[in-house]
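[1] coords please:
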Amino acid sequence: MKLNYLRGLLAILLVSLLASCGGSKGPKNAQGQLIGVSPRPKYTPPVPYGMVYVPAGTFHMGPSDEDVNYAYTARNKSISISGFYMDATEITNNEYRQFVQWVQDSIAHILLGHVKQDDGHDIIDWKQKINWKDKATVEKLDAMIYTEADRLYGRKDVDVGKLVYHQETFNWDKAKLRENFGKPRSTFIVKKDVPIYPDTLCWIRDFSYAYNEPMTRMYFWHPAFDNYPVVGVNWHQATAFCEWRSKFWEDYRNSKKLFTEDKFQLPSEAQWEYAARGGREQTPYPWGGYYIRNKKGCLLANFKPGRGNYPEDGGFYTVRADAYWPNDYGLYCMAGNVAEWTADIFYENAYSFTSDMNPYLRMDVPDDAPLKMKRKAIRGGSWKDVGYFLQTGTRTYEYQDSAKSYVGFRCTIALSRRAKHR
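    Model (predicted):
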């Protein structure tokens, strides 16, 4: 019995010794104190390329002038917005082509068998090269080439209808419901395939009895339009672009063992309006006050200034995404050029019940839903709109599955901490 007593005492002393040294499971050198998990890597917030910082603040959301339509879809409301980064320009044709090229190459790599194993999953081996000029290679890619009946002069062009991005996201609206607490993650994961090539026919579909065929044939692919805003992109394609951009950046940062950031997304209506105002309170336009011309008589945005007088502002259709002076946050063309998709659904009385802190009216709606449910808010006005739609407080909408020659988009992202700019 004495021997057992000594063995027990020895065991207690050993446990006490391990505890005093931090133990095998406790933080090293903790000495019994609450010091957090260490060591932690140093974090330096990145500056997303092509974006500008919009600082946190408060503003009056809604019209800064008379509601000429008397629609009362935008009542004045004081709200607060967290800081975020926003693209300085609308997403351009060349930037969107990077997305299209990535999807095209990823499909081609899979057809060519350029895959490798990673943790039991097949992933694309991007180190492999694709020789699009090699006839043997093109024959292996026959599944993504136009059929013979659809070819012009026998050219084996890529069938753009087969450029589909596989998107995987969380349905946060479903996850937040109390009755779904404790359910597995798979309940809230949404997987869908999104055709991502812009609808180039929008140029002739949007305007009856008008000769816009040259824009249909050239606007998206010709180098003359590289820095012009992409159009013909519906709301689903814009959100798919944001998801791809997030994953593209995340994969790179993971490869460099860097912290990942939040996801790129379309701006909420509140974010868009706050950014468009550029810190100017109660002014109707991004440049401030009450006129659409400067003191020299020059128009300050690309829109339709008169009846049938589209070129008076310097652009017949769209112009470069960095045309005209930026607002005080460094954002270009927040009025005119192309209207821009936001993340919010369009509801006339939204301001009466949305929060006064980062208001956001999100709803995932299928394309077979009633038309009224498929409305997404667009902001900013476009090259074909009159001056009223250029006002920062003006709201309107398009349907989420429609693509227009006058609607584009830009992205936002909320970083963990703002980077220090030199």
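[2] how about the strands in this structure?
    Using DSSP state E, the strands of the chain run over 51-54, 57-61, 77-81, 84-87, 115-118, 121-124, 164-170, 189-195, 339-345, 375-379, 396-399, 407-408, 412-413.
[3] deepest of those, which one?
    Greatest average neighbour count among those goes to strand 407-408 (a mean of 29), per mean count of other CB atoms under 10 Å. C-beta here means a position set from N, CA and C on the backbone, and glycine is covered the same way.
[4] list the helices and strands that strand packs on?
    In terms of contacts (3 or more CB pairs under 8 Å, 6 or more residues apart in numbering; DSSP states H and E), strand 407-408 is packed against strand 339-345.
[5] need the contact partners of the strand it packs on.
    Residues outside strand 339-345 that contact it (CB atoms under 8 Å, 6 or more residues apart in numbering): 90, 235, 238-239, 265-269, 271-272, 350, 360-363, 365, 373, 375-382, 385, 389, 396, 398, 406-410.
[6] give me that answer again for 6 Å
    235, 238, 266-269, 272, 361, 363, 377-382, 406-409 (CB atoms under 6 Å, 6 or more residues apart in numbering).
[7] shaky segments in the protein?
    1-28, 66-72, 416-417, 419-422 (pLDDT under 70).
[8] max-length helix in it?
    Criterion DSSP state H: the longest helix present in the chain is helix 235-255.
[9] spatially nearest residue to Asn76, not counting backbone neighbours?
    Excluding the flanking residues, the one nearest Asn76 by CB to CB, 6 or more residues apart in numbering is Gly62, at 3.8 Å.
[10] next: His166.
    Counting by CB to CB, 6+ apart, Asp193 is the residue found nearest to His166 once chain neighbours are left out, at 5.5 Å.
[11] that neighbour reaches Glu168, doesn't it?
    No - the criterion here is CB atoms under 6 Å, and Asp193 misses it with Glu168 at 10.4 Å.
[12] pull the number of nearby residues for the closest residue to Asn349 other than its chain neighbours.
    Distance criterion CB to CB, 6+ apart; nearest residue to Asn349, sequence neighbours excluded, is Thr73 at 7.7 Å. Number of residues near Thr73 (other CB atoms under 10 Å) recorded here: 19.
[13] Thr73 contacts Arg395, doesn't it?
    Yes - with contact defined as CB under 6 Å, Thr73 reaches Arg395; the gap is 5.4 Å.
[14] quick one, helices of the protein?
    For the chain, the helices defined by DSSP H cover 2-20, 93-111, 135-140, 172-175, 202-205, 213-218, 235-255, 269-277.
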